[in-house]
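Visitor: With the sequence up front, the predicted model follows.
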Amino acid sequence: MDDFRIINNFMEFERTWYTHVTPDPIPEIETLAQRGYVPDAYVSSHLEAPLLTIIYRDHYGSMVSTSDSYTYPVTDAVISQLFAQATRRLRVHLGEYRHE
């Protein structure tokens, strides 16, 4: 039963992760979504110590940018950092920023 509850917590988090990001990520998400890039939070629940990664996918579903992974659960500050990192890496990939 505990495993089921943990998986439900992961699934809920994966649906609402962006509400924990500061500053408000919605303008950035909307701008990039118009260009076909959508961020998603992925919790690797199959590992002994689950890891959170922010992933950007293109309109074909291919992964184009990822953040580093961090042990889940995470603080809002860590989620914000991972989102910023994945977004910056995407913008580097798009040629908007210099390489990190």
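Guide: That came in fine, so what should we check first? Residues are numbered from 1 along each chain as shown.
Visitor: what pLDDT, on average, does the longest helix belonging to the chain get?
Guide: In the chain, with assignment by DSSP state H, the single longest helix is helix 76-93. When pLDDT is averaged along helix 76-93, the result is 96.
Visitor: Over to stretch 11-21?
Guide: Rounded to a whole number, the mean pLDDT of stretch 11-21 is 87.
Visitor: Show me which positions of that stretch end up buried.
Guide: Phe13, Trp17, Tyr18, His20, Val21 (16 or more other C-beta atoms under 10 Å). Every residue, glycine included, has its C-beta placed from N, CA and C.
Visitor: Just the closest of these to Ala49, please.
Guide: Among the buried residues of stretch 11-21, Phe13 lies closest to Ala49 (C-beta to C-beta), at 15.5 Å.
Visitor: coming back round to it: by contact count, what packs against the longest helix of the chain?
Guide: Judged by 3 or more C-beta pairs under 8 Å, 6 or more residues apart in numbering; DSSP states H and E, helix 76-93 is in contact with helix 26-34, strand 38-43, strand 51-57, strand 63-66.
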